[in-house]
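Engineer: Give me coordinates for this.
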Amino acid sequence: MRWSWRIGSLAGIQIFLHYTFPLLLLWGGWLQFSVQRSWIDAGVGVAFAGALCVLVLLHEFGHAFAAKRYGIRTRDITLLPIGGVARIERIPENAKQELVVALAGPAVNVCLAILLTGTLVEAWLFFGMIPYESIASAILLNLVIVNVCLAVFNLVPAFPMDGGRVLRALLSLRLGRPCATAIAARLGQLLAIVFAILAVAYFHQPLWLMLAVFVFIGAARELQMVRVKASLAGLSVGDLMQTGSKTLAPSDNLRDAMNYAVLSRQRDFAVVEDDQVVGVVTQRALFSGAAMSGTDVQVRDVMYPDFPVTEPEEALEGVFLRMRNEGWPMLPVMKEGRLLGVLPGEAIREFLQPHNSPNPNGPA
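Structural biologist: Residues are numbered from 1 along each chain as shown. Next up, the predicted model:
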């Protein structure tokens, strides 16, 4: 994921830390340091923020494993200062499945809170560790509180948090998915505005303001996505693919390729050699390559040799989501190893503009 460090993987799921994540560690350290101006306290605060990171990660793995139960793969999990994001291939269309996947994350935090509470009670009974009379018992109690807060907070009915998906799933059972999404998204945006007002007027906490912006944008994107899916429903790749597009050869130089891109306004190209598609190259890659290495460089030096392809019969909705999630601006359309045309993302976006009605099968 862009703007992130990859720190490892677990169960085939890549784990990333966003570049802004150190802000959470600094915040945790500062909160503890500001009480008694003790660097030891600051270290405890940083460690506690790190423990919070682990709890959020386990929360996201709850979603991932629940999605796997329905055959849905999770690409990666990214940890942000305001929480975590698990990028699953798709949200289940079935309302009951979406409900299970959405509740799995908070359920992990509830289970952890129960487990830690049991550990705290045993420590009190057998070792006399009374909360806040020892560092270990204080940390355990705080982790219990954090898990409860994570579970409750994530169930707030606002996209893109779990509560918004739970609300959408429940409403979908009676109202249908587009209408349910519209209601849940609008409620999420309303709550985001409330969060922002509280952050500025009462709590003076930048973290709350960041969260409000995150919720507002997330709700808008969810509403936009359901409209896109409604517009593309029933269409196949063949309905929007473009035939007769210019192709490039690996031996073409960037000068000629760029000239053609400017004159024809074609953005992206399939690269063909001996009637076989051997790569794809984007307009951005052409101009970036020319800026770095000059225009005499060949297309083979800037093309992407590993690329997905699609077939004309594939559902356009699923292909568009794949292009969006994986960042491909164009896909070659193939049939039995033969290039039939290309599917530019720009063509899909142009199609969606007049079709992206603000009120598809439900209130906006």
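Engineer: any idea which element the residue lying closest to residue 106 once chain neighbours are set aside lies in?
Structural biologist: With Cβ to Cβ, 6 or more residues apart in numbering as the criterion, residue 106 has its nearest non-adjacent residue at 4.2 Å, and that residue is residue 151. Any C-beta I mention is one placed from the backbone N, CA and C, and that applies to glycine too. In this structure, residue 151 sits in helix 135-154 according to DSSP states H and E.
Engineer: Centre of the chain to the next helix or strand after that helix, how far?
Structural biologist: Per DSSP H and E, helix 135-154 leads on to helix 162-175 as the next helix or strand towards the C-terminus. Relative to the centre of its chain, helix 162-175 is centred 20 Å away, using Cα atoms, centre = their mean, to the nearest Å.
Engineer: And for helix 162-175, what's in contact with it?
Structural biologist: Helix 162-175 has contacts (Cβ atoms under 8 Å, 6 or more residues apart in numbering) with 63, 91, 95-96, 98-99, 101-103, 105-106, 154-159, 177, 179-181, 183-185, 187-188, 219, 222, 362.
Engineer: longest helix anywhere in the protein?
Structural biologist: Once the chain is assigned using DSSP state H, the helix that runs over the most residues is helix 95-127.
Engineer: contact partners of the helix holding residue 151?
Structural biologist: 44, 48, 51-52, 55-56, 59, 105-107, 109-110, 112-113, 116-117, 119-120, 123-124, 129-132, 161-163.
Engineer: pLDDT weak spots in the stretch 251-364 of the chain?
Structural biologist: Where the stretch 251-364 of the chain drops to pLDDT under 70, the residues are 354-364.
Engineer: Which stretches in it count as helices?
Structural biologist: 254-264, 283-293, 316-326, 345-355 (DSSP state H, counting those that start in this stretch).
Engineer: What is the neighbour count of the residue nearest to residue 106?
Structural biologist: 21 (other Cβ atoms under 10 Å).
Engineer: picking that back up, please check the contacts of helix 135-154 and keep the buried ones.
Structural biologist: For these, a burial check counting by 16 or more other Cβ atoms under 10 Å picks out 44, 48, 52, 55-56, 59, 105-107, 109, 112-113, 116-117, 120, 123, 129, 131, 161-163.
Engineer: Residues contacting stretch 217-225, please?
Structural biologist: 158-161, 164, 181-182, 184-186, 188-189, 192, 356, 364.
Engineer: For ChimeraX, what selects the buried ones among these?
Structural biologist: Buried members of the contacts of stretch 217-225, defined by 16+ other Cβ under 10 Å, are picked up in ChimeraX with:
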select :158,159,160,161,164,181,182,184,185,186,188,189,192
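Engineer: And the furthest pair within the contacts of stretch 217-225?
Structural biologist: Spatial extent of those (Cβ to Cβ) is set by the pair 161 and 356 at 24.9 Å.
Engineer: Grab the nearest non-local neighbour of residue 338.
Structural biologist: residue 275 (8.0 Å).
Engineer: For residue 249, see how far away that neighbour is.
Structural biologist: As judged by Cβ to Cβ, to the nearest Å, residue 275 and residue 249 stand 11 Å apart.
Engineer: so how far is stretch 163-180 from its chain's centroid?
Structural biologist: Put simply, stretch 163-180 sits 20 Å off its chain's centre (Cα atoms, centre = their mean).
Engineer: my bad, should have said stretch 70-77
Structural biologist: Relative to the centre of its chain, stretch 70-77 is centred 11 Å away, using Cα atoms, centre = their mean.
Engineer: Mind listing what's buried along that stretch?
Structural biologist: 72, 74, 76-77.
Engineer: and which of these is nearest to residue 281?
Structural biologist: Ranked by distance to residue 281 (Cβ to Cβ), those are led by residue 76 at 25.7 Å.
Engineer: Can you check what angle separates the strand or helix carrying that closest one from helix 316-326?
Structural biologist: Per DSSP H and E, residue 76 falls inside strand 74-80. Angle between the axes of strand 74-80 and helix 316-326 is 40 degrees (criterion: axes from the mean of the first three to the mean of the last three Cα atoms, to 10 degrees).
Engineer: Quick one: name whatever helix or strand follows strand 74-80.
Structural biologist: Toward the C-terminus, strand 74-80 is succeeded by strand 83-88 as the next helix or strand (DSSP H and E).
Engineer: chain center to that following strand, what's the gap?
Structural biologist: 6 Å.
Engineer: what sits up against that strand?
Structural biologist: With Cβ under 8 Å, 6+ apart as the test, strand 83-88 has contacts from 1, 56-57, 59-61, 63-64, 67, 72-78, 101, 325.
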